[in-house]
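*Asks:* Pasting the sequence and the predicted coordinates here, then a few questions.
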Amino acid sequence: MNTPNHHLLVCGSFRANGERQGVCFKKDSMSLLSYLQNEIQDRMMDGVEVCVTGCLNMCTKGPVIIDYPSGNTYTGITEEAIDAILDAFEEGSVATDYLAS
């Protein structure tokens, strides 16, 4: 297995008991996860993997995506933000408009 260039951790607001709640979940991060996965497939992007996580403890800025290994944290995620993040990956840059401050 090759190590991905971008491993995107999408906050699913899962709690320790497996229950989903919190800002990212309430702002429909699961639909955004689906959109993200479809965009990666449609663009035929290699080296980009996606997984959903428990709460990333940035609830006031959700939905949140962390790009590993860069550590870039993107907040206020929407479909437009996902497009900008993926566009930046394709250009070898960073979608600075959505970086956590």
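*Replies:* Right, received. Where do you want to start?

*Asks:* bridging residues for Arg20?
*Replies:* Beta-bridge partners for Arg20, by DSSP bridges, are Phe14.

*Asks:* For Lys27, see how far away it is.
*Replies:* 12 Å (Cβ to Cβ, to the nearest Å). (Glycine included, C-beta is placed from N, CA and C.)

*Asks:* and Gln41, how many neighbours does it have?
*Replies:* The number of residues packed near Gln41 is 9, by other Cβ atoms under 10 Å.

*Asks:* where's it, which helix or strand?
*Replies:* For Gln41, the host element (DSSP states H and E) is helix 29-42.

*Asks:* what comes into contact with the helix or strand of the chain with the lowest mean pLDDT?
*Replies:* The weakest-scoring helix or strand in the chain, judged by mean pLDDT, DSSP states H and E, is helix 23-26 (a mean of 86). Residues from elsewhere that reach helix 23-26 (Cβ atoms under 8 Å, 6 or more residues apart in numbering): 11-13, 55-56, 59-60, 62-64.

*Asks:* ok, back up a step: what about the helix holding Gln41, average pLDDT?
*Replies:* The predicted model assigns helix 29-42 a mean pLDDT of 95.

*Asks:* Which neighbouring elements make contact with the very next helix or strand once past that helix?
*Replies:* Per DSSP H and E, the first helix or strand lying C-terminal to helix 29-42 is strand 48-54. If contacts are counted by 3 or more Cβ pairs under 8 Å, 6 or more residues apart in numbering; DSSP states H and E, strand 48-54 sits against strand 6-14, helix 29-42.

*Asks:* Figure out which of those is closest to Leu99.
*Replies:* Of all these, it is strand 6-14 that lies closest to Leu99, at 14.0 Å by Cβ to Cβ.
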